Each structure stands twice: as structure tokens, then as C-alpha cells.
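Engineer: Quick one, fold the following:
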Amino acid sequence: MNEIKLLGKKVIIDKSPILLKYSPSYDWKDYWDVKSGNWSVEDGWLIGDEPGNKGGILFSREFYEDNVMMTFSVKTALPATRDLNAVFCAHWDEETDYLGTSYVCGLNGWYENKSGIERNEVGCESALYSTTSLYKYEPGSLVKMTFGAIDGQCFMVVDDTLITELIDPNPIKGGHIGFSAYCTKLMIKDIEIRKIHWEKFIQTYKPEY
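Structural biologist: Sure thing, here's the model as predicted:
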């Protein structure tokens, strides 16, 4: 896959510069900041574990002002089955000591095995989200996820298929990118962060009959 077709935009992957290409190793804390939950590296896997009904959150140490996307391979560590989640344009709220204004995307979440994207806000239910029950993740299987945002136009791709797109009329500007093991245990590897290169995508219908 070299392009992601969104509403009015195409992300060109080969033209999107690589900002970080990382395989989990002993130096993982040089790149990642544990905000909550239990995180470690074992046998080349970045492992996130949070048994409570909340997110075990790992932020990039880098704060990205530009539009970025991340690709990574992930699976649940059985018997964990749910919430393969990631965060982007993410901010930490010091008062609550939890995730602040951020976008969250994920598979097998939202309590009903849904997949989607939401905007997280401190102290309130998300008023902006897009979810689907059509994508079915098989617990324990390894998938490749790509996600990011172009000035509030959020997307999530799984194994080269666009699963969800969400357009935020009040976009979050800049932030960290990372992961959220929400009441689950995740295994992550092959992490790549790119600055998004996109082009206008003119879409029109021609008569079919």
C-alpha cells in the first residue's frame, strides 16, 4: 500500500518522510514515556498491560507539531482479547493525571467489540466519535495498523484497509503519539512514524446508466 484515499485527500506514503523507525529494545525509554499502566520490552516486543478499567498509556517523548501517522504491528496477549488502542495529537492532563485532549483509535473496544476513532476530552463523555461493528479482530492475531490525522481529518487503516475516518471541525493541534492498553495486554513491534504528505483528491461520479 502506497496511498490512503480519504475524503478529498490522498496520503502518499512513499513521500511521507520517516521520523522514527523503531524496533523495541533495551533503549525503549529513550523514545517512549510511560504515563500509566505497566510497560516493558521482552524478546523484541513492546508490552503494555493494564488490568483496570482504564488506559495504560505510553507517549512518544517527541511532541509533534506537524501532521504525523504511525504504523505498527500489534496483537493481544491471550487471554486478553480487546482494545488494541493508540493515541495521537495526544496531551496529558496533569490535574487528573490521565489522558487529556487527544484522539483515540482502536480495535475491539468501546465495550462491544467495536473499532473506531474518538476525541477524548477531560471530564466528559466523548461527543465526537466514529465506530463500527463490521470489522472483526481475531484475538491473538497479529495485524498492522496505520493511523494519524491531517488537521483533524483522522484515519485508521488495518492490514491495508481503511476501517474508519473521522473529521473533527475543531481539530486538535499537535501532540504526542503512542499507545493505550485499555483493560488489556498488548504486544507491539515494527513501529514507524512519518510526517504526512498528502495531496488533494478530486472525487466525482460519472453516470452509470
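Engineer: Point out where this protein drops to low pLDDT.
Structural biologist: Counting by pLDDT under 70, the chain has low-confidence residues at 125-126.
Engineer: try 50
Structural biologist: Counting by pLDDT under 50, not a single residue of the chain qualifies.
Engineer: quick one, longest strand in it?
Structural biologist: Ordering each strand of the chain by length in residues (DSSP state E) puts strand 176-195 first.
Engineer: Give me the secondary structure label for residue 112.
Structural biologist: Here residue 112 is recorded as coil under DSSP: H, G, I helix; E, B strand; the rest coil.
Engineer: Dihedrals phi and psi, it?
Structural biologist: According to degrees, to the nearest 10, the main-chain angles of residue 112 amount to phi -130, psi 30.
Engineer: thinking again about what came up before, if you count contacts, what does the following helix or strand past the longest strand of the chain end up packed against?
Structural biologist: Later in the chain than strand 176-195, the nearest helix or strand by DSSP states H and E is strand 198-200. Under the contact criterion of 3 or more CB pairs under 8 Å, 6 or more residues apart in numbering; DSSP states H and E, strand 198-200 touches strand 9-12. Bear in mind the C-beta positions are built from the backbone N, C-alpha and C, glycine included.
Engineer: roughly how far out does the longest strand of the chain sit from the chain middle?
Structural biologist: How far strand 176-195 lies from its chain's middle: 7 Å, per CA atoms, centre = their mean, to the nearest Å.
Engineer: Give me the buried positions along that strand.
Structural biologist: Within strand 176-195, the residues that qualify as buried are 176-189, 191-194, counting by 16 or more other CB atoms under 10 Å.
Engineer: State the paired neighbours of it in the sheet, together with their directions.
Structural biologist: strand 18-22 (antiparallel), strand 45-60 (antiparallel), strand 68-76 (antiparallel), strand 84-90 (antiparallel) (DSSP bridges).
Engineer: can you list contacts of the first one?
Structural biologist: This points to strand 18-22. Contacts of strand 18-22 with the rest of the structure, by CB atoms under 8 Å, 6 or more residues apart in numbering, involve 31, 60, 62, 64, 68, 191, 192, 193, 194, 195.
Engineer: Good, wrapping up.
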